[in-house]
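J.: Task: produce atomic coordinates for the following.
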Amino acid sequence: MTNTTAKDKSDEASLTSGIRDSSGSGASGSEIPDLPRSEGGTTHTPITPEPGAAGGGNGAIVAAQDRVRTWLFHADKPPAPAEIDEWPSLCQDDENLLWVDLTNPDGETIAQVAQLLGIDARAAQLTQRNNTRPIVRTFKEHYVVTAFSVDVDENGDEPTMTVTEINAVAGRNFLLSVHNRPLPFLKDLEERTETNPLLGRLDSSYLLYVLLDTLVADYSREFDEVEDEVERLEEALLREKDRKALDDVMRMKRHIHTVRRIVSPHRQAFGVLVAAGSPVPGQQVESYFRDLIQQLDNLLERLEHARDTVTGSYNLYISNISYRTNQELRVLTFLSAILLPMTVITGVFGTNFKMGEYEFFEGFYVMLIGMALTTVGMLVYFRRRGWL
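T.: Presented below is the predicted three-dimensional model:
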């Protein structure tokens, strides 16, 4: 179970979706400082333990053991915990696969874990930085993948979104995962790893695939909630007459746009894992990553559909408001059309001229009958024209 990396003139090759090389140039992410170089290429500088880790000991790891989880996978055996001192020897045996998971570790803990697993200094530094988008970066013996998990809470008046950065280092017979807060899909991930018989036979790239596939499955559950909310809002727009439904639609539109901005860059980053020069060894595992990209494409299509539905719901709401306004204006127009002849008649008969006709009381009833006939005639005319 040995990881192979992309061939390049230097010991390190950078494969990213707009990712930097070691000089710090690139489209996104934090700048990586230059490290010492020798004439033969890049010098892989080991991490120097911070003060308090005397002699490169494991004191920081032991002190943070409540935030450190380990699983040792072996062919045809259930996963089991591994002692810290045994990590280096376990990683030398191709029959083993070690997974170390760190939750919000400090720099000293990462330094000691990196020394035990033989991780390049710059790879360890990547796990400590706050990256702005998913990246894939390869080194001589391992590679780093950065992804983001999204957890949405819809219980409040405004949905709150929690974004968790996940950094995974896949190397020879080990996978190191680092995240700044507990993973929302950790329970599902543990169930998959405990019941998966292939983890003891394949390398760390397959374990990385399981991690990312569980992440994408968590995206799918979040999208299900978004789609349900969109359908509810679409129905509410047709029933409710106040602005609350419209405000909810605008909120959902912003929410979908934010989720899309977080999820869509993963498509390009994951594409690096199946591109030419991919750090993923073997066509078998590479096919899993292709399936992962297909799942992500399907999710993005669902997200686009939800966004179009929200936009269509907004247009439907505007059309519904326009229809109601037209109906109200229609009623006012009918009333105005009917009352206008009456106003003219009463105005004529209300003029202050002395005429003989005004001295007979029968004229009053003639005026009422004329007003009634005019109203009935207008209603019959409106009816024949289809306006009523």
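J.: Which elements pack onto the helix or strand hosting residue 221?
T.: Using DSSP states H and E, residue 221 maps to helix 204-239. Counting contacts by 3 or more CB pairs under 8 Å, 6 or more residues apart in numbering; DSSP states H and E, helix 204-239 packs against strand 96-103, strand 143-153, strand 160-171, strand 174-179, helix 186-195, helix 244-263, helix 283-349. In this view, the C-beta of every residue, glycine as well, is placed from N, C-alpha and C.
J.: per-residue confidence for residue 297?
T.: Residue 297 carries a pLDDT value of 91.
J.: sorry, that was for residue 65
T.: pLDDT, residue 65: 70.
J.: and the most centrally placed residue in the chain, what does it touch?
T.: Residue closest to the mean C-alpha point of the chain, counted by CA atoms, centre = their mean, is residue 259 at 3.2 Å. Counting by CB atoms under 8 Å, 6 or more residues apart in numbering, residue 259 makes contact with 150, 152, 161, 222, 226, 303.
J.: Buried ones only from the residues you listed, please, as a PyMOL command.
T.: Per 16 or more other CB atoms under 10 Å, the buried members of the contacts of residue 259 correspond to this PyMOL selection:
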select buried, resi 150+152+222+226+303
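J.: remind me which residues of the stretch 201-350 of the chain are low pLDDT?
T.: 201, 240-242, 282-284 (pLDDT under 70).
J.: Go again with 90.
T.: For the stretch 201-350 of the chain, the stretches with pLDDT under 90 are 201-207, 210, 218-262, 268-292, 299, 302-350.
J.: most packed of the helices and strands packed on helix 204-239?
T.: Each of the helices and strands packed on helix 204-239 was scored by mean neighbour count; the highest is strand 174-179, a mean of 24, by mean count of other CB atoms under 10 Å.
J.: sorry, back to before: make CSV out of the helices and strands packed on helix 204-239 and add distance to residue 276.
T.: Output for these, formatted as CSV (distance: least, CB to CB, whole Å):
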stretch, distance to residue 276
strand 96-103, 26
strand 143-153, 15
strand 160-171, 19
strand 174-179, 24
helix 186-195, 30
helix 244-263, 25
helix 283-349, 11
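J.: Which of these sits closest to residue 373?
T.: Closest approach to residue 373 among those (CB to CB): helix 283-349, 9.9 Å.
J.: for that closest one, packing partners?
T.: The contact analysis (3+ CB pairs under 8 Å, 6+ apart) places helix 283-349 against helix 204-239, helix 244-263, helix 265-271, helix 362-384.
J.: any idea which element the closest residue to residue 116 other than its chain neighbours lies in?
T.: Leaving aside its chain neighbours, residue 116 sits nearest to residue 87 (4.6 Å; criterion: CB to CB, 6 or more residues apart in numbering). Per DSSP H and E, residue 87 falls inside helix 87-92.
J.: quick one: average confidence on that helix?
T.: The average pLDDT within helix 87-92 is 88.
J.: picking that back up, starting from residue 264, give me the distance back to the residue nearest to residue 116.
T.: 36 Å (CB to CB, to the nearest Å).
J.: quick one, which of those two is more surrounded?
T.: residue 87 (22 against 16; other CB atoms under 10 Å).
J.: for that one, what are its contacts?
T.: Applying CB under 8 Å, 6+ apart, we find residue 87 in contact with 70, 98, 100, 116-117, 174.
J.: same thing but at 7 Å, please
T.: By CB atoms under 7 Å, 6 or more residues apart in numbering, the contact set of residue 87 is 98, 116-117.
J.: Quick one: these as CSV, columns for distance to residue 165 too.
T.: Converted to CSV, the contacts of residue 87 look like this (distance: CB to CB, whole Å):
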residue, distance to residue 165
98, 22
116, 23
117, 20
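J.: nearest to residue 183, of those residues?
T.: Here the nearest of these to residue 183, counting by CB to CB, is residue 98; it sits at 18.5 Å.
J.: ok, which stretches of the stretch 1-150 of the chain are helices?
T.: 59-63, 87-92, 107-117, 121-128 (DSSP state H, counting those that start in this stretch).
J.: Which among the ones you listed is found nearest to residue 341?
T.: Short answer: helix 121-128, nearest of the helices of the stretch 1-150 of the chain by CB to CB, at 83.5 Å.
J.: Let me see the mean pLDDT of the closest one.
T.: In the prediction, helix 121-128 has an average pLDDT of 88.
J.: and the gap between the residue nearest to the centre of the chain and residue 236?
T.: Taking CB to CB as the measure, residue 259 falls 21 Å from residue 236.
J.: rewinding a little: out of the helices and strands packed on helix 204-239, which gets nearest to residue 387?
T.: Nearest to residue 387 among these is helix 283-349; the distance by CB to CB comes to 7.7 Å.
J.: and the angle from that closest one to helix 204-239?
T.: Here helix 283-349 points in a direction 10 degrees away from that of helix 204-239 (axes from the mean of the first three to the mean of the last three CA atoms, to 10 degrees).
J.: Surely residue 189 is in contact with residue 213?
T.: No. Residue 189 lies out of contact with residue 213 (CB atoms under 7 Å); the separation is 9.4 Å.
J.: How many neighbouring residues does residue 362 have?
T.: Residue 362 is flanked by 8 other residues according to other CB under 10 Å.
J.: one step back: nearest to residue 340, out of the helices and strands packed on helix 283-349?
T.: Among the helices and strands packed on helix 283-349, the nearest to residue 340 by CB to CB is helix 362-384 (9.3 Å).
J.: tilt between the closest one and helix 283-349?
T.: For helix 362-384 against helix 283-349, the angle by the same axes, to 10 degrees is 160 degrees.
J.: Mind splitting this structure into its structural domains?
T.: Split into domains by automatic domain parsing, the chain comes to 37-319, 327-384.
J.: What residues are bridge-paired with residue 100?
T.: Beta-bridge pairing of residue 100 under DSSP bridges involves residue 70, residue 176.
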